[in-house]
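> Have a look; sequence and predicted model below, questions after that.
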Amino acid sequence: MSKINMGNFFEDFSIGQKIVHPLPRTISEGDVSLYIAFTGSRFALHSSDVVAKEMGYDKRPIDDILMFHLTFGKSVQDISLNAIANLGYAEMAFPNPVYVGDTVSMTSTVIGLKENSNGKSGVVYVHSIGVNQNGAVVLDFKRWVMVHKKDHSTLSGVNEVPTFAKTTPISQINIPTIKCVNTDSTGGKYFFEDYIEGERLDHPEGITVDNSDHTLATKLYQNNAKVHFNDHMMKSTPMGQRLMYGGIIISMARAISFNGLQNAQWVCAINSGAHANPTYAGDTIYAYTEILEKIEVNRNDIGLLRVRTIGLKNQTAKETPNPKGEDGKYLPNVVLDLDYTIVIPKKVTEKK
Amino acid sequence: MSKINMGNFFEDFSIGQKIVHPLPRTISEGDVSLYIAFTGSRFALHSSDVVAKEMGYDKRPIDDILMFHLTFGKSVQDISLNAIANLGYAEMAFPNPVYVGDTVSMTSTVIGLKENSNGKSGVVYVHSIGVNQNGAVVLDFKRWVMVHKKDHSTLSGVNEVPTFAKTTPISQINIPTIKCVNTDSTGGKYFFEDYIEGERLDHPEGITVDNSDHTLATKLYQNNAKVHFNDHMMKSTPMGQRLMYGGIIISMARAISFNGLQNAQWVCAINSGAHANPTYAGDTIYAYTEILEKIEVNRNDIGLLRVRTIGLKNQTAKETPNPKGEDGKYLPNVVLDLDYTIVIPKKVTEKK
Amino acid sequence: MSKINMGNFFEDFSIGQKIVHPLPRTISEGDVSLYIAFTGSRFALHSSDVVAKEMGYDKRPIDDILMFHLTFGKSVQDISLNAIANLGYAEMAFPNPVYVGDTVSMTSTVIGLKENSNGKSGVVYVHSIGVNQNGAVVLDFKRWVMVHKKDHSTLSGVNEVPTFAKTTPISQINIPTIKCVNTDSTGGKYFFEDYIEGERLDHPEGITVDNSDHTLATKLYQNNAKVHFNDHMMKSTPMGQRLMYGGIIISMARAISFNGLQNAQWVCAINSGAHANPTYAGDTIYAYTEILEKIEVNRNDIGLLRVRTIGLKNQTAKETPNPKGEDGKYLPNVVLDLDYTIVIPKKVTEKK
C-alpha cells in the first residue's frame, strides 16, 4: 500500500468520527513579524509590549487572525485536501488569547454528512477545536466542505445536516480587564460608545497582493491545498493561475479595517462568511465595514460590535454602495462578506 | 463626523504643535531576519551574538537602518500621508543602540511652515524624536514635506523656515568601548587609519528588488503611504505602478556598501540625502561610496568617516564616474545621494 | 590597493591553506519562520516544541537544511564567488543538532587543486567544517568548484585530486534517545521497519517558486553569489535572468518529501548530489524518493534510510519514470539528484 497521503474522500468520513490533525505548531516572533509584513497590520496591542502591558496584558498577544491561520492550516490535509469547494463556516469563537511560545493544535469531529444526488461528491460538516499547550481552547468553529467520492457508482443516501446558530453564541470573554487605552498609542480615539448601529466606515487604504506574498503566507500557515501554490497544475484549470487562499483576504480586510476601528483590537467571533469571488496575484484589496449591532456584555471596560466587512478587489469602498446587484448576487469585484464580532473598550478606559 | 483618518493637511499644522505618533513598536527577531532577507546585509555585528560580545556588547544590536524604518514609519500617517513630495531631511542622529525586545515610539514637533504662493500646498518642517521604552533617544532628525492644503482659496501667508546644520552635530557616541575586532569574523581588514579622504569604493554587487520584496518591507515598517503598495491606484498615475519607498534604497545601498566598509558597522548620523530618481520593481540597485572626511572623536577605539554613497539603478558603479551631468542635474540612473557618518574602529582594536 | 573584495581566483589557493569564513551567524526564530514560509515544510519536530519535548529534546531543533544554508552561505565569498561551476560535494555530515540562539561559523581547508589544461581555470577542492558557538561540529563536507584563473598565460601544472567515499561515513549520531513518536502529531504512521529497499514514493505536491521567494531566501542565507539576485547582470548572459540557488531546490524537494517520509525528520548525511538542470522563477518543483538502503546503527530507537530524491520542474513525479534518458543524460525537467541518508524512528518508539 502506498505510503502517500492523498487526503480523505467522502467515504472516509463517518458521523462522530474524531480526527486529530497533525503538526502542532509553536508560534514564534518570526510568525508575528511575517504577519505584519504580509498585511501591514497596525493594531497597537499586537505590535507593542508596552501598549499591551498598559492595557493589562503581560505581553503582546498574537493577532487573532494569525492564530486562526496557523491553527486552521492543520486541518486542510485531513478535511479539505480533496475539497471541490469550501462552502461555509459558522459559530467560530476565539475564546482565549495566544502568545509567542504557545503551541497550537487542532482536532475535528464529523457532525454531518450529505451525499449529493449525482453520486460524485458529498458535503462533510465538522466541528473543529484548537487548543494551546495547556489544553485551553483558542479556536472553536464548524465548517462544511464539498469533497469528492472515490466510488461514483454506489449511493449511500446519507443525509444528516446539522443546524447552526446565525451568530456565534458568546459564552466567555477571556480578555484581561482593560486598565487603560492610550489613544496616542493606538492611533484611534473612538470607543464603544462612539459607534452607531447602521454606521458605515469606508476604509481608504488598498493593498496589492502579489504571488510571493500570498504563497509565502500560505506556506507559513502550512496550509497545503495545492490550488494556492502550484502554478503548473493551475495553468491547466479554468482559473489558469494560482488561487489566493481565502484567509489571505480575511487578513487583508481586517488589517485595512484598522482605519476607523483602531481600538477594536480583538476578534471575538466570526458569525458567517462568504468568499464571493476568487482573488489572484496583482489584485488590490479594499474594504468597508458596517456596524450591525452593539452588544453589551457583563463588563464595564468593554463592549462588542457585531460588524460586517466587505472585501473588494480593484474597486474602492466609496465606489461600492452595495455588495450585491439587483439580482441578489455578489457583484464581480466583491471578494469577501464577513459577519464577525469584535471587542472594543469603553470610554472609561481612556487614558486621561 | 467620519471616524476615518485621512491624514493631516497644511492647515492642520501649527508652529510648536507636538504630535505623538501612534503604534509603539516592539522589535523582534523576526524583524531582524526579515531585514537580512530584504537586503542581504552582512555586517557581522548585527548577525552574530558571538561577534557582538567579543566587540563589547551584551548581544547583537539592531541594524541602525532597520531601527530607522521601524521608528520613522510611525510618522507617515500624521506627517506625510498627504505629502506631494518628501523634500528632505537633516541633522539625523542615531544616539543609542537598539536591541531585540526594545519598543520604539516617536513624537514630532512642527518647527516651520511655508505656504506656497499658489495657495494649493505648503511645506511643513518637523523635528522628530524616537525613543526606546526607557525614554532614551534612538533617532533624532528634522524633515520637511510638501503637503496639500484643504482650502485653496485662502492664503495665510505663513513663511517660517528653519535653518539646518550642513552636517549633524555629533554630541554623543553611546557605543560601548570596542574591545576587539576579529577581522576573520567581520570579513574586512581595514580600519579607521586605512581610509583616505577622497577615496572612492566601487561596490561590485547589484541586487534586484521585486514587488513582493519592497512591499513586504514597507508593510513590515507599518509605513502606510499608499503610493508604495496600492497598484490599482498607481496605475492611474503617470508612474503607472507602485513607487518603491525611498528607505528601501537607503537599506540596499547600505547593505551593498559592506564590501569595502566591512568594519564600519554603525550609522552615527545622516547629514543629508536626496532620492534623485524613483525606483520600481525590477530595478537592480548598485552603489559606490566616497570618503568625504575623517573625523577624530575623543576615543582611542573608534573614529568617524563622513561618507557619500551614491545609489544607482541598472548601472554599475564602475560605469558611473559622476552622479550629475554637466548641467548639475542628477543623471537618470542615480537614485540616491546620501551624506552620512559612520563609526569605524581603529587598528588598536584588531584581534591579533 | 583596492579595499574591495573581488573573491579568490585559482592562484589564490594552495594545498593545506586554511580559510576562516567571516560572518558567524546567530540563528533566530525569524530564520525558522522564514524557512517554513519559503518551503512550506511540515516536519513536526521543527515546528513544535511540544512534539520535540515528547520525542526527547529540550526544544525544537532547527531543520538541518536551513542550518546547512546558513552555514554554507558563509563560504561563498571566499570559495565560489568567481566560480564557473559548483561541480560537486561529498561526505557531507550533520553531526550535531542546532537550536535557536546558536551561532554557526565555518572554516575550510584546501585539500586539492587541479589546473585545467586550457590555462584559464582550475578546480579547487575544499574540506569545510561548520561549528556552533561551543565548537561542536554541526556540518562537515567536501566540495569542489571550478574557478577562474587571473593569469591565463602561465601554467602551474598543479594536479592534486583527492578521492572521496561514495557515501558519507557515519561516525556519530548525536540525536537524543527518541522516547516517543506520536503519529497523530507527525502526520505519518510509517517507521523504519515499514520501508523496503527499492521502494519509490511519488510525492504528490508541487510548489512554484517566484523571484521574491528565492531571492529573499538566498539573501537571508547571506549567500552573495551574484547570479542569484542581480537581474541586470544576468540579462546579458545566455540565461537571461536570475538563476535560482541550487540550495533552494534541495529545500523544496526535502519539504515536498514530507508526504511519505513524515517521521524521517533528520538529515544525517548527504552522500552526493547533482543539480541536473537550472531552475528559474516560475518553475514548479516536484519530487520523488527512492529507498536505496536500510541501515542499522547500534541503537534500538532509530535506523537510517539512504534515499535518493529526484527533484523535477514542471513535471510531476508520476510523469517521470526515470530521471535519465537512454543516453544516460539527465532529462531536461530533472533539476536535482540527491543521494542522502535520513534518520527514522523504529516502531518501538510509537506512542500507543
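Thanks, I have it. Residues are numbered from 1 along each chain as shown, chains lettered A, B, ... in the order given.
> list the contacts for residue A:9?
Residues near residue A:9 by CB atoms under 8 Å, 6 or more residues apart in numbering or on different chains: A:82, A:147-150. The way it works is simple: take the backbone N, C-alpha and C, and place the C-beta from them, glycine included.
> Keep those residues, but drop any that are not near chain B.
With CB under 8 Å from any CB of the partner chain as the criterion, the contacts of residue A:9 include none near chain B.
> where's the dip in pLDDT among those residues?
In terms of pLDDT, residue A:82 ranks lowest among these, with 80.
> so what's the backbone phi/psi at it?
With angles defined as degrees, to the nearest 10, residue A:82 sits at phi -110, psi 30.
> right, and it touches residue A:7 too?
Yes. Judged on CB atoms under 8 Å, residue A:82 makes contact with residue A:7 at a distance of 4.7 Å.
> circling back to that earlier point, so can I have JSON lines of the contacts of residue A:9 showing secondary structure, neighbour count and distance to chain C?
Converted to JSON lines, those look like this (DSSP: H, G, I helix; E, B strand; the rest coil; neighbours: other CB atoms under 10 Å in any protein chain shown; distance: CB to the nearest CB, whole Å):
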{"residue": "A:82", "secondary structure": "coil", "neighbour count": "19", "distance to chain C": "11"}
{"residue": "A:147", "secondary structure": "strand", "neighbour count": "22", "distance to chain C": "16"}
{"residue": "A:148", "secondary structure": "strand", "neighbour count": "16", "distance to chain C": "15"}
{"residue": "A:149", "secondary structure": "coil", "neighbour count": "21", "distance to chain C": "19"}
{"residue": "A:150", "secondary structure": "coil", "neighbour count": "12", "distance to chain C": "16"}
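> for those residues, which one is nearest residue C:219?
residue A:82 (37.1 Å; CB to CB).
> gap between that closest one and residue A:90?
22 Å (CB to CB, to the nearest Å).
> How are the helices of chain A distributed by residue range?
For chain A, the helices defined by DSSP state H cover A:29-39, A:44-47, A:49-55, A:64-72, A:183-186, A:211-220, A:231-234, A:246-256.
> With mean neighbour count as added columns, please give those helices in CSV.
Formatted as CSV, the helices of chain A follow (neighbours: other CB atoms under 10 Å in any protein chain shown):
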stretch, mean neighbour count
helix A:29-39, 26
helix A:44-47, 25
helix A:49-55, 22
helix A:64-72, 25
helix A:183-186, 21
helix A:211-220, 26
helix A:231-234, 20
helix A:246-256, 25
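> check contacts around the residue nearest to residue A:113 when sequence neighbours are not counted.
Of all residues beyond its chain neighbours, the one nearest residue A:113 is residue A:158 (4.7 Å), with distances taken as CB to CB, 6 or more residues apart in numbering or on different chains. Residue A:158 is in contact with A:113-115, A:122, counting by CB under 8 Å, 6+ apart.
> Show the model's pLDDT score for residue A:158.
95.
> May I have the phi/psi pair for residue A:222?
Per degrees, to the nearest 10, the backbone of residue A:222 is at phi 50, psi 30.
> Count the neighbours of it for me.
For residue A:222, the count of nearby residues is 22 (other CB atoms under 10 Å in any protein chain shown).
> Quick check: it vs chain B, distance?
17 Å (CB to the nearest CB, to the nearest Å).
> Mind listing what's buried along stretch A:274-293?
By 16 or more other CB atoms under 10 Å in any protein chain shown, the buried positions in stretch A:274-293 come out as A:274-277, A:279-281, A:283-289, A:291-292.
> Nearest to chain B within chain A, name that residue for me.
residue A:33 (2.6 Å; CB to the nearest CB).
> where's that residue relative to residue B:220, distance?
Residue A:33 is 7 Å from residue B:220, by CB to CB.
> Identify the contacts common to those two.
B:31, B:34.
> Identify the residue nearest the residue of the stretch 1-150 of chain A found nearest chain C in space, chain neighbours excluded?
Taking CB to the nearest CB, chain C has its nearest neighbour within the stretch 1-150 of chain A at residue A:30, 2.6 Å off. Counting by CB to CB, 6+ apart, residue A:30 lies nearest to residue C:33, which is 2.6 Å off, once chain neighbours are set aside.
> Tell me the residues of the stretch 101-250 of chain A that contact chain C?
Checking the stretch 101-250 of chain A against chain C by CB under 8 Å from any CB, the hits are A:101, A:103, A:105, A:133, A:210-213, A:215-220, A:222, A:224, A:226, A:229-233, A:242.
> how does it look with 7 Å?
Contact residues, the stretch 101-250 of chain A versus chain C (CB under 7 Å from any CB of the partner chain): A:103, A:133, A:211-212, A:216, A:219-220, A:222, A:224, A:226, A:229-233, A:242.
> Spell out which two among those residues are the most distant pair, please.
The two members of these with the most space between them (CB to CB) are A:133 and A:232, at 38.0 Å.
> Fine, thanks again, bye for now.
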